[in-house]
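> here is a sequence together with a model predicted from it:
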Amino acid sequence: MTPPRWASLGAVLLLLLLCLASSGSALDVDKVRKDYEDGMRTAQAGDLDAAERHFKNVVKAAPMLAEGYTSLAVVYEMGKKFFQSFQTYQEGMRQHPKHAELLKGYCITLLRTLQDGTLQSHGVSVEDCRSVCKKYKTLSPDNPEAYSSLGDMHTLLVEWEPAAANYNQALRIYNKLKRENRLDQATQAKFDPARTLSNLANCYSREGNVPLAIVSIAGSLKLRKADAHNLALYATISSTGSKFSYASRFLKRRSTAILAKGLTHKGESCPAGRWKVVYGWEDCVSGKIKCGGDVTIVNDGRRNKEYGLDSVTWSDPSDALTPYPTKYLERTVYAMHFDDVFVGGPSGTLHHNCMLFSGGHLEDARLHEAAEFGNPVDRIETVEGPVLSLLSQNLRNYYHYVVEGLARLLLAEKYLKLPKGTSFDDLTLLVPPNIAFVEPALEFLGFKNKLKHFAGIPNRIRVKSLYYVDWQPDEVSQALEESMPGIVSEPDPYDEDFWKMDHLPNVTLMETIPLNRVLAYDPWSVFYSSQEGLLLLRDRIHARLQAAGLAHAPTPKKWKLVYLSRADARANDFGIRIILNEHFLIDALRSLVGPENFVLFQGKNLPVSGQFEAFASAYVVVAPHGAGLANLVAAHPHTTFVLFPMKPHVDNTFGHMGAALSLDSHVVTSIHSYYYGMYDPLTKENVDRVVAIARAALTKRSLSFPDEPSEHTQEDYDTWLRVHNATRNKPSPPPPSPPSPSPSTKSKAKAKKHVEL
């Protein structure tokens, strides 16, 4: 909740007396003072109705006081009466059009509703928000808060470049005031340079300017070394900016450990300072930690067995992208049962008896948000059980639900040992919020269990009897110690030289990483499912497709080439990893195989069964990196999988799926995107390369196609690019997500503009 922005009582009374003296009014000053004082007292005590009455009296009796409008609007905001809050600010602005503090309050409230997605439902527009926040900045040219608020606005609108410019300007003003000894007490109390630097780091990271992101977050950590949020952000920047960033795992661990120290949870008898993060289930099995539940290893016959591909075809060996691993060891699978355990946080994290279990997601389980478990509006619901939790990272994401949640379900069905008289059908499944694909997927797979939807913060569930299945690679802690000798155990590893990007482990070291460390060293491997879970899920999907009379395997007479488009990400994910001119590739692939064999796949337009059917009947799948590729779990062994990777080549999620499911994998390195960016526009050479891969794969299956000239000429590509560049350079509203700048060129250009403290 936004902190109350009260004007001090002394300042209000002084202004009131000055106004009265100049106007000759006979207003009862004592009455106004008492109403204002009582309004502050009741608001801070949580009696918002009483506070509203008192501040209404102030506004009615003394409209010459802008502070009365601000205080009343803040009370409305605290009660989530945003429409009334906006009306009050607007009325105050008509009376006081150039009052900076009034505009500041209005701007902050607008940003709050912009952040939670309710802005326009309260009768205001994004342009209203822009106008108010810009006017606040214009009236406060020497106030770093004004520029920081404008930076927040641009961040929420996914406008990274102007956001970074405003954060930088806020820091310049702050530093100037500090150097000139003009930094007043109010600015010092309200403006947070560490927060501004971390926001700046986030902007640079989203733009693709990883070196400056690292500089910015390191600057923030100088000011606030033990800040869990900063450490988690540092880890995220590191893991999206360099492959095999061992450091990011360590940083996440440090972040969660710091949070756990100060954690308090309503409904539990664990005082602050006693909470501990349990990173690995192996400590529960060995008895090293008394976890208070029954945790057992269930796959002794498969754990640590090698699986994978002999090779992956890289279409352009001259590209700088380093190949990812193709061999893995099967994780250890754990089945467990807890009595009287809590489920909470954004990812359904298990916790009880002063322990947070990060489980298979290790330090990446978003436990850096665990502090929100105990917020004042924490809601606890008790469920008797027995309950099986399918929850994992990012509850609303299709990939995490299908590849992790459903794989967890199939492993539980195979391995859980239930009490006599309890069948698997008796378990209540704890699942993500009721979004489009959750229940249909379970229904398609044949599960008819009762469901309990978990919405995340601020909700928590207390489960009297909970079952869970999870997986982990062995010896992650030892791997971290090996990768950063002497660093993991240090109490304060904030040496700037250590955290420079060129000191982080280099991708060329991959060939030296032993097989039993591939998963432990890769911070993204927390999202790679157990191979056995994936195989169980694939078998179930094929059986259910066949039982429903749907296509469950390709045949020479009935097969598909699937192209997965991320065009809908323009609206849903601000354009992340879309291909603006993919129509060239779509036309070429459709022309190659014919309309009857071509599937333009956008998963949100198909039921879950239709998504599985498309991939199960495919000989070839072509796709950029995205959650829709979770449907690879339905593809048959030796399906040709053509991936457009990321650069840096982080997050080998789908490379791992290809290895686990024995797909014939091809990586077209010349078509790549930064993790938060867009793919570069396709060239004719790139399209011809993809078509050649598809043609060769189908030829191996004794299918032949006429070698016809491409439907689009080089001139078509050149014309599209000219029009695109001309449109992009027009002074019009920006696209949903700006193209990702190249770190190699943009970093140097912006380095001089960056402000350090």
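In hand now; what should we look at? All of these numbers come straight from a predicted model, not from anything done at the bench. Residues are numbered from 1 along each chain as shown.

> going forward, measure contacts and count neighbours with C-alpha atoms only.
Fine.

> give me the neighbour count for Ser423.
Residues lying near Ser423 (other Cα atoms under 10 Å) number 10.

> and the gap between it and Phe357?
Noted for Ser423: a distance of 26 Å to Phe357, by Cα to Cα, to the nearest Å.

> now do Glu413
In terms of Cα to Cα, Glu413 sits 22 Å off from Phe357.

> which SS state does Phe338 fall under?
strand (DSSP: H, G, I helix; E, B strand; the rest coil).

> which ones are touching it?
292-294, 464-467 (Cα atoms under 8 Å, 6 or more residues apart in numbering).

> same question for Val690.
Listed by Cα under 8 Å, 6+ apart, the contact set of Val690 reads 642, 668.

> 10 Å instead, please
Applying Cα atoms under 10 Å, 6 or more residues apart in numbering, we find Val690 in contact with 315, 585, 588-589, 622, 642-644, 666-668, 671, 696.

> Asp587 against Asp688, yeah?
No. Asp587 is not in contact with Asp688 according to Cα atoms under 10 Å; the separation is 11.6 Å.

> spit out the residues that contact those two alike.
By Cα under 10 Å, 6+ apart, the residues touching both Asp587 and Asp688 are Ser710.

> so where's the chain shaky on pLDDT?
For the chain, residues meeting the criterion pLDDT under 70 lie at 1-27, 243-246, 264-269, 316-322, 359-378, 395, 457-458, 475-513, 570-575, 728-757.

> which strands and helices sit next to the helix ranked longest in it?
Counting by DSSP state H, the longest helix found in the chain is helix 160-179. When contacts are defined as 3 or more Cα pairs under 10 Å, 6 or more residues apart in numbering; DSSP states H and E, helix 160-179 packs onto helix 144-156, helix 185-190, helix 193-207.

> now do the buried residues in it.
By neighbour count with 16 or more other Cα atoms under 10 Å, helix 160-179 contains the buried residues 160-175, 177.

> returning to what we had before: of Glu413 and Phe357, which one has the most company?
Ranked by neighbour count (other Cα under 10 Å), Glu413 and Phe357 place Phe357 first, with 22 against 13.

> doesn't Gln393 make contact with Gly344?
No. Using Cα under 10 Å, Gly344 is not in contact with Gln393; the gap is 12.0 Å.

> of those two, who's got more company?
With neighbours defined as other Cα under 10 Å, Gly344 and Gln393 compare such that Gly344 has more, 25 against 20.

> and the strand or helix carrying Ser131, what does it pack against?
Ser131 is part of helix 126-139 when elements are defined by DSSP states H and E. Other elements packing on helix 126-139 under the criterion 3+ Cα pairs under 10 Å, 6+ apart are helix 100-116, helix 144-156.

> check those helices for me and report the most buried one.
Highest mean neighbour count of the helices and strands packed on helix 126-139: helix 144-156, a mean of 25 (counted as mean count of other Cα atoms under 10 Å).

> so that helix versus helix 193-207, what angle?
Helix 144-156 runs at 30 degrees relative to helix 193-207, counting by axes from the mean of the first three to the mean of the last three Cα atoms, to 10 degrees.

> how far does the helix holding Ser131 sit from its chain's centre?
28 Å (Cα atoms, centre = their mean, to the nearest Å).
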